[in-house]
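In: here is the input, now give the coordinates:
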Amino acid sequence: MSQVVDFTHVSTEGLESSPVADALAGLRANEARYFKNKYDHTFAVDDAADVPEVIDRVSRILEDERGIVIAARPLQATVVEVDGIHWTHVFYESGLAINVLWTLEDGGKRAVGFKLSDGMEAPEELSGFKFARQKSKLAGTIRGSYFVIKGDYPV
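Out: Coordinates of the predicted model:
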């Protein structure tokens, strides 16, 4: 069952096993606020075990594109489709959040974004990436990076 993410009253529900649960909940709430403000979309997540196809798609893109295998356990995931863009988000126990942006129009933007929760170290599998910093009232300091997807992974 989907859980609507409330960005006014941040909750760690579903993320309790993370050593940085509060920061990860803030990061998830930050994503929810972005989608509400930009697209008037209510952001809801599912337990990762309930949406294995979502986790598998993200894992396949990471491995095929960059040989990346995320060691952390996925806790929650969601798929959002707004304004011709298919977004996939996965929130991991380590505090990592990954999103895949896939513009549905041919030749559109396609990228994988990584966000690190405040207080977590960059995982070894992402050691080759440089992370920019962004301040968030909900999430503290978010460190982010991305890469452009070259292959074809239709939704």
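In: show me what contacts A122?
Out: When contacts are counted by Cβ atoms under 8 Å, 6 or more residues apart in numbering, A122 touches L116, F129, F131, R143. All C-beta spots, glycine's among them, are computed from the backbone N, C-alpha and C.
In: separate out the buried members of those residues.
Out: Buried members of those, scored by 16 or more other Cβ atoms under 10 Å, are L116, F129, R143.
In: show the backbone phi and psi for the closest residue to the last one other than its chain neighbours.
Out: Distances taken as Cβ to Cβ, 6 or more residues apart in numbering put F131 closest to R143, at 3.8 Å, once the chain neighbours are dropped. Torsion angles at F131 (phi, psi; degrees, to the nearest 10) stand at phi -110, psi 130.
In: tell me which element the closest residue to Q134 other than its chain neighbours is part of?
Out: In space, and not counting its chain neighbours, Q134 is closest to I142: 4.7 Å by Cβ to Cβ, 6+ apart. Assigned by DSSP states H and E, I142 belongs to strand 140-148.
In: and that strand, what does it pack onto?
Out: Applying 3 or more Cβ pairs under 8 Å, 6 or more residues apart in numbering; DSSP states H and E, we find strand 140-148 packed against helix 21-39, strand 110-116, strand 132-136.
In: how near is the residue lying farthest from the centre of the chain to R133?
Out: Using Cα atoms, centre = their mean, the residue of the chain lying farthest from its centre is D106. It sits 23.3 Å away. To R133, D106 is 34 Å away according to Cβ to Cβ, to the nearest Å.
In: got the CA positions of the lowest-mean-pLDDT helix or strand in the chain in CSV?
Out: Sorting the helices and strands of the chain by mean pLDDT, DSSP states H and E puts strand 132-136 at the bottom, at a mean of 91. This file holds the C-alpha atoms of strand 132-136, laid out as CSV (Å, rounded to 0.1, in the frame of the first residue of the first chain):
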residue,chain,number,x,y,z
ALA,A,132,27.7,19.0,-5.4
ARG,A,133,26.2,20.4,-2.2
GLN,A,134,22.7,21.8,-1.8
LYS,A,135,21.1,23.1,1.4
SER,A,136,17.6,22.1,2.3
